[in-house]
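Participant: Sequence isn't available, so here's the structure alone:
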């Protein structure tokens, strides 16, 4: 279970951008401890320190019908933060930085080899891509 941060460590900040997440493949218990309990504790410490803006970067996977623990835990964190003073919740799409890492990079590499780009979910698939630098610009503007 994540320890509660000391608000004194956050004093003097105008904004805090929260990007932390439990590692891929974490257990349900770890995912919820990090993604929900840790997030709430960090927001509460930030508020106690007088931080005016807490920007929580969530995911498009966070919705009430989420089937994976990542989406479920991020949705639970959103619910816990909802309507708190100074909190902004963002759900960016598939973030891409041009590398061969990550879901889109690996998919593009596979598509180049195969000559086709498979669409998981067929014609119901909805994926919004976002360039990494654009996400950073938006986060800094909100901060």
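Facilitator: Nice, thanks for sending it over. In this text the structure is predicted, and so the values were computed from the model without any measurement.
Participant: how near is residue 97 to residue 129?
Facilitator: 11 Å (C-beta to C-beta, to the nearest Å). Using the backbone N, CA and C atoms, a C-beta is placed for each residue, glycine as well.
Participant: quick one: residue 88 and residue 56 touch, right?
Facilitator: Yes. Taking C-beta atoms under 8 Å as the definition, residue 88 is a contact partner of residue 56 at 7.0 Å.
Participant: higher neighbour count, these two?
Facilitator: With neighbours defined as other C-beta atoms under 10 Å, residue 88 and residue 56 compare such that residue 56 has more, 23 against 15.
Participant: Compare residue 97 and residue 129 (neighbour count), which wins?
Facilitator: Neighbours per residue (other C-beta under 10 Å) separate residue 97 from residue 129, with residue 97 holding more: 13 against 10.
Participant: mind listing what the nearest residue to that one once chain neighbours are set aside touches?
Facilitator: If the residues on either side of it in the chain are set aside, residue 97 comes closest to residue 132, at 3.8 Å by C-beta to C-beta, 6 or more residues apart in numbering. Residues near residue 132 by C-beta atoms under 8 Å, 6 or more residues apart in numbering: 95, 96, 97, 98.
Participant: Buried ones among the residues you listed?
Facilitator: Buried by 16 or more other C-beta atoms under 10 Å: 95, 96, out of these.
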